[in-house]
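[1] Provided below are the primary sequence and the corresponding predicted coordinates.
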Amino acid sequence: MNRISSNYEENTRFFDDALGAGRSCDMVCRDLYVGGRRARFWVIDGFGGDAILERMGAFWLSLQPEAVQGLTEMQQFADRFVTFMEVNVSFDRDDILTSVLMGKSLLVMEGLQGAALIDAKEYPSRSVGEPPDGKVLRGSHDGFVEAVVPNMALLRRRIRDPHLTMEGLKIGQRTHSDVALCYLDDRVDHALLDELRHKLQNIQAKSLTMAQESVAEAIRPKQWYNPFPKVRYTERPDTAAACVMEGSIILMVDNSAAVMILPTTFFDFTQEANDFYFPPLVGTYLRILRVAVFLISLLITPAWYLMVSVPDRLPGWLDFLSSPEPAALSLLSQLLVVEFLIDVLKLASLNTPDTLSNSFSMLGALILGDFAVQAGWLGPEVLVYMAFVSVAGFAQPSYELGYAFKLLRVVLLLLTAAFDVWGFGLGVVGIVVLLATTKPLVGHGYLYPLIPFNGKALRRLLVREPINADNT
């Protein structure tokens, strides 16, 4: 341990230099006389709670010499004269530096061993508003923010159970980012929890620049070729609380409003918050509809191409499918071009100011619709099928799963174009094999509860059951 010195001048010189006092304009330090002893206070501007620090400073400045007479340890001073609840004394220089850079206030005093770290920080944060993703017609309209502590409070508000555990970790060799594991210690799978904790503690990364995505990439299996998402995210506290009550682990990462739900399986993506704010029968219908849309969006364009690519392949009652209007581009080229154009429009819409978004949507629809057909570049049938695929992508809550299906759909289309029926069959089998061999971050398996089979758990995922003692 890099222990703090017993010499006041040496300590102040070290912390001034290490924290950048005088070098960084946001590092504020203040010299005080507390009971006739010299003291120095460090805090990052914008992190310290001004009202709290002002009250404590006024109290310290009013102390008389006899009040601190005989004190030799900072812990003695903290026990008597630091009124704030969250305070600890440290002797480790590295721990002190990290704590100050996290927002804690540092107090060093002449003649006292150790340094006081006062956690009176107030991170800049937006208000707790409804997240843009996962909106519901009924239910709560609050959402997680980019700070871990308010997010933990949102869960505590919903789960008033002493078994609810918030386990804090620090990850990143340079950033020391706050990470919190939230779980019920009497419901969680402790073997799975130990596995996840071990992976987090052994992350070899200097920083978590992209928050939860950095954590996911650091601990996920090395399957770069597999597009299926390994993590389910939510910005809704009610969804996270329900998952915790059912034994899942919530992983919060500082600077991110989305939390990770672990373990994650493929069938978890069939659920959405709206399913639970409607009666069980309606919720079940919505889940069945969502699963059907999953499959149709994956297979519709390759299957249509397979049916119309060879004349007289379809029976007479399906002739309306086998006569796409001629266009300048081949049918395969049309499907691929529209696939990529839809993504281009999505990327462009992200960079379009809100005031111009409506105009941009109208322009994109005109170009891809009427103008493209009139110019003879695309056939109207292609636009109809691709419009359905595009709408289906928004029918499920996971963007990652939507793009996984898109990539697999393009590969399946290319295989169908190259090898006809054999290519289509090979592609479908390949997707099933890829899905079965997907490795989750932690847990039983990506296709659980189908593999290994658990009928009760599978039914609960596919059918919206009424609330009961075991189902939240």
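    That came in fine, so what should we check first?

[2] Contacts only, for residue 100.
    With contact set as C-beta atoms under 8 Å, 6 or more residues apart in numbering, residue 100 has these partners: 19, 42, 43, 44, 106, 117. Placement of C-beta: from N, CA and C, glycine included.

[3] And it, what's its pLDDT?
    Listed pLDDT for residue 100 reads 90.

[4] How about the one helix or strand it maps to, which residues are buried there?
    For residue 100, the host element (DSSP states H and E) is helix 93-101. Using 16 or more other C-beta atoms under 10 Å as the test for burial, helix 93-101 gives 93, 95, 96, 97, 98, 99, 100, 101.

[5] just checking, what packs against the longest helix seen in the chain?
    Across the chain, the longest stretch assigned as helix under DSSP state H is helix 399-436. Using 3 or more C-beta pairs under 8 Å, 6 or more residues apart in numbering; DSSP states H and E, the elements in contact with helix 399-436 are helix 280-308, helix 331-350, helix 380-393.

[6] Would you mind pulling the contact partners of stretch 416-431?
    298-299, 302-303, 305-306, 309-310, 332, 408, 411-412, 415.

[7] What subset of those residues is buried?
    Taking 16+ other C-beta under 10 Å as the criterion, what is buried in the contacts of stretch 416-431 is 298, 299, 302, 303, 305, 306, 309, 408, 411, 412, 415.

[8] which among these gets closest to residue 256?
    Residue 256 lies nearest to residue 408 out of the buried ones among the contacts of stretch 416-431, by C-beta to C-beta, at 27.7 Å.

[9] which residue packs closest to that closest one, ignoring adjacent ones?
    residue 431 (5.5 Å; C-beta to C-beta, 6 or more residues apart in numbering).

[10] about what we covered before: run the chain-centre distance for the helix holding residue 100.
    Mean-position distance between helix 93-101 and its chain equals 27 Å (C-alpha atoms, centre = their mean, to the nearest Å).

[11] Stretch 129-139 too?
    Chain-centre distance of stretch 129-139: 16 Å, with C-alpha atoms, centre = their mean.

[12] who touches it?
    Contact partners of stretch 129-139, identified using C-beta under 8 Å, 6+ apart, comprise 141-144, 234-236, 238-239, 257, 272-274, 276-277, 397.

[13] what sits against residue 113?
    So residue 113 contacts 6, 72, 73, 74, 91 (C-beta under 8 Å, 6+ apart).

[14] leaving aside the residues next to it on the chain, what's closest to residue 380?
    Nearest non-adjacent residue to residue 380, counting by C-beta to C-beta, 6+ apart: residue 373, 5.4 Å away.

[15] any idea which helix or strand carries that neighbour?
    helix 372-374.

[16] go on, residue 213?
    Short version, using DSSP H and E: residue 213 is in helix 212-219.

[17] Likewise for residue 145?
    Here residue 145 is covered by no helix or strand, with elements defined by DSSP H and E.

[18] By average pLDDT, which secondary structure element in this structure comes out worst?
    Every helix and strand in the chain was compared by mean pLDDT, DSSP states H and E; the lowest is helix 357-366, with a mean of 58.

[19] buried sites along stretch 411-420?
    Neighbour-count burial for stretch 411-420 [16+ other C-beta under 10 Å]: 411, 412, 413, 415, 416, 417.

[20] follow-up on the earlier one: could you export the buried ones among the contacts of stretch 416-431 as CSV, including pLDDT and distance to residue 51?
    Compiled in CSV, these are given as follows (pLDDT from 0 to 100; distance: C-beta to C-beta, whole Å):
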residue, pLDDT, distance to residue 51
298, 90, 56
299, 90, 61
302, 92, 63
303, 89, 65
305, 89, 67
306, 88, 69
309, 80, 72
408, 94, 56
411, 94, 59
412, 94, 61
415, 94, 65
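
[21] ok, the residues you listed vs residue 112, which is closest?
    Ranked by distance to residue 112 (C-beta to C-beta), these are led by residue 408 at 64.3 Å.

[22] Now do the closest one against residue 341, distance only.
    Using C-beta to C-beta, to the nearest Å, residue 408 is found at 19 Å from residue 341.

[23] Residue 171 now?
    Distance of residue 171 to residue 341, computed by C-beta to C-beta: 40 Å.

[24] Who are the contact partners of the spatially most central residue of the chain?
    The centroid of the chain falls nearest to residue 258 when counting by C-alpha atoms, centre = their mean (3.5 Å). For residue 258, the contact set (C-beta under 8 Å, 6+ apart) comprises 144, 211, 212, 233, 234, 235.

[25] what's the pLDDT at it?
    Among the per-residue scores, residue 258 shows a pLDDT of 90.

[26] In three-state terms, label the closest residue in space to it that isn't next to it in sequence for me.
    Leaving aside its sequence neighbours, residue 258 sits nearest to residue 233 (C-beta to C-beta, 6+ apart; 4.4 Å). Assigned by DSSP: H, G, I helix; E, B strand; the rest coil, the conformation of residue 233 is strand.

[27] which of the buried residues of stretch 411-420 lies closest to residue 380?
    Distance to residue 380, by C-beta to C-beta, is smallest for residue 413 among these, at 19.0 Å.

[28] ok, for the closest one, nearest residue in space, not its chain neighbours?
    Spatial nearest neighbour of residue 413, chain neighbours left out: residue 302 (4.6 Å); criterion: C-beta to C-beta, 6+ apart.

[29] thought the one you found was touching residue 408?
    No. In this structure, residue 302 is not within contact of residue 408 by C-beta atoms under 8 Å, at 9.7 Å.

[30] mind checking how far residue 372 is from residue 332?
    Separation of residue 372 from residue 332 (C-beta to C-beta): 16 Å.

[31] That should have said residue 324, apologies.
    12 Å.
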